[in-house]
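Student: this is a predicted model, with the sequence first.
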Amino acid sequence: MKSMTRSDFHRKVADILEVDAVDDDTRFRELDGWCSLQAFGLLVMMENDLGVKMDIDAFRQIETVGALYDAG
């Protein structure tokens, strides 16, 4: 069972990506301002908040916020 609801996850991801809101279909790498620091922030959040230590190669395969949540 996830330790964070999908809507809470969306809020945290939006904060990291510095946007107003995201949803499951948001392709985070296509957002203006996407950078490696945001990628690192997402990986840290996944580990700290969901307990998921994600492999970089697996992370690179994920395209949407929904898929990122599902990986957790």
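Tutor: Okay, I see it.

Student: relative to residue 30, how far out is residue 49?
Tutor: Counting by C-beta to C-beta, to the nearest Å, the gap from residue 49 to residue 30 is 24 Å. For every residue, glycine as well, the C-beta is placed using N, CA and C.

Student: look at those two and report which has more neighbours.
Tutor: Remark: of residue 49 and residue 30, residue 49 carries more neighbours, 15 against 9, as counted by other C-beta atoms under 10 Å.

Student: so that one touches residue 5, yeah?
Tutor: No. At 11.3 Å, residue 49 does not count as touching residue 5 under the criterion of C-beta atoms under 8 Å.

Student: can you tell me the element residue 67 falls in?
Tutor: helix 65-71 (DSSP states H and E).

Student: chain center to that helix, what's the gap?
Tutor: With C-alpha atoms, centre = their mean, to the nearest Å as the basis, helix 65-71 stands 7 Å off its chain's centre.

Student: show me where this protein has its helices.
Tutor: Under the criterion DSSP state H, helices of the chain are mapped to 6-17, 36-50, 56-61, 65-71.

Student: out of the ones you listed, the one nearest residue 25 is which?
Tutor: Residue 25 sits nearest to helix 65-71 of all these, at 6.6 Å, using C-beta to C-beta.

Student: show me which residues of the closest one are buried.
Tutor: Under the neighbour-count criterion of 16 or more other C-beta atoms under 10 Å, helix 65-71 has 65, 66, 68, 69 buried.

Student: as CSV, those residues with pLDDT and distance to residue 36 would be great.
Tutor: Shown next, in CSV, are the buried residues of helix 65-71 (pLDDT from 0 to 100; distance: C-beta to C-beta, whole Å):
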residue, pLDDT, distance to residue 36
65, 97, 18
66, 96, 22
68, 95, 16
69, 94, 21
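
Student: ok, so of these, who is nearest residue 9?
Tutor: residue 69 (5.0 Å).

Student: from the contact counts, what lies against the helix holding residue 67?
Tutor: Applying 3 or more C-beta pairs under 8 Å, 6 or more residues apart in numbering; DSSP states H and E, we find helix 65-71 packed against helix 6-17, helix 36-50.

Student: picking that back up, dump the helices of the chain to JSON lines, plus distance to residue 25.
Tutor: Listed next are the helices of the chain as JSON lines, based on distance: least, C-beta to C-beta, whole Å:
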{"stretch": "helix 6-17", "distance to residue 25": "11"}
{"stretch": "helix 36-50", "distance to residue 25": "16"}
{"stretch": "helix 56-61", "distance to residue 25": "17"}
{"stretch": "helix 65-71", "distance to residue 25": "7"}
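
Student: thanks again, I'm all set now.
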